[in-house]
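Colleague: Pasted the sequence and its predicted model underneath.
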Amino acid sequence: MKNLFIKKIFSILKIQRLYGPNISVSCMRGFTLVELLVSVGILVFVLMAVLGLFVEMLHLNNMSREMTLATSHAQHILEDIRSSSGVIINQIDNYEWDFDTDEKFAQKGLLRIKNEIIEVNYDDTQTPMPLTVSVTWEAQNGREYSLTFVTMDTGV
C-alpha cells in the first residue's frame, strides 16, 4: 500500500515536470464533459437498438407459438377423423369438433388461441376425397391469421 502511494506521488511529480508546475492533479484524471456526453449518446443508441430487437423477438416467439398451436389443433382433428373408422364421412358436420369454449379445448388437452375458429370441409364427390381443416385466429397485434391443411381420405 505504501509503495503504491509513493509511485502515485512520483507519477504526479513526473507529469508536473513535463507539463509545467501549473497543472493540477484534478486536470490529470477523468473525462471531459464532451467525452461523457458522446459516450452516453452512443450507449443510448446501442441500447435502443438492442431493445428494439428484443421486442421483435418477443413478437416472433408469440407468432411461432400460435402457429404451433394451430398446427396441433388441425393435426388433432385430422387424426381424430382417421382414428374414428366407424364415423361416416358425410357426418363430419355432426361430429364433435365444437371447440367454442376453453373447457372443450382443455378436455382434449389443447390450449386455445384468441378468437380461434376451426372449420372442416370435404368434397365427397371425388375419390379419394379431399378433406380440408382450416384454423383461423386473431394474433395479439390484431391481425387475423389462417392455416389450412388438406389431405386425401380414401375411407379405408
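Modeller: Ah, there it is.
Colleague: same question for stretch 117-134, mean pLDDT?
Modeller: For stretch 117-134, mean pLDDT is 82.
Colleague: ok, now stretch 36-53?
Modeller: Across stretch 36-53, pLDDT averages out at 96.
Colleague: Now do Ile42 against Leu33, distance only.
Modeller: Using CB to CB, to the nearest Å, we find Ile42 at a distance of 15 Å from Leu33. C-beta coordinates here come from the backbone N, C-alpha and C atoms, glycine included.
Colleague: do Asp123 as well
Modeller: From Asp123 to Leu33 the distance is 76 Å (CB to CB).
Colleague: for this protein, which helix is longest?
Modeller: Across the chain, the longest stretch assigned as helix under DSSP state H is helix 33-83.
Colleague: tell me what it is packed against?
Modeller: With contacts taken as 3 or more CB pairs under 8 Å, 6 or more residues apart in numbering; DSSP states H and E, helix 33-83 sits against strand 117-122, strand 129-138, strand 144-153.
Colleague: hey, which of these is tucked in deepest?
Modeller: strand 129-138 (a mean of 18; mean count of other CB atoms under 10 Å).
Colleague: Against which helices or strands is it packed?
Modeller: The contact analysis (3+ CB pairs under 8 Å, 6+ apart) places strand 129-138 against helix 33-83, strand 117-122, strand 144-153.
Colleague: tell me the domain ranges of this structure?
Modeller: With domains defined by automatic domain parsing, the chain comprises 1-30, 31-153.
Colleague: among those, which gets the worst mean confidence?
Modeller: In terms of average pLDDT, domain 1-30 trails the rest of those, at a mean of 61.
Colleague: ok, Ala49 - how many residues close by?
Modeller: Around Ala49 there are 10 other residues, counting by other CB atoms under 10 Å.
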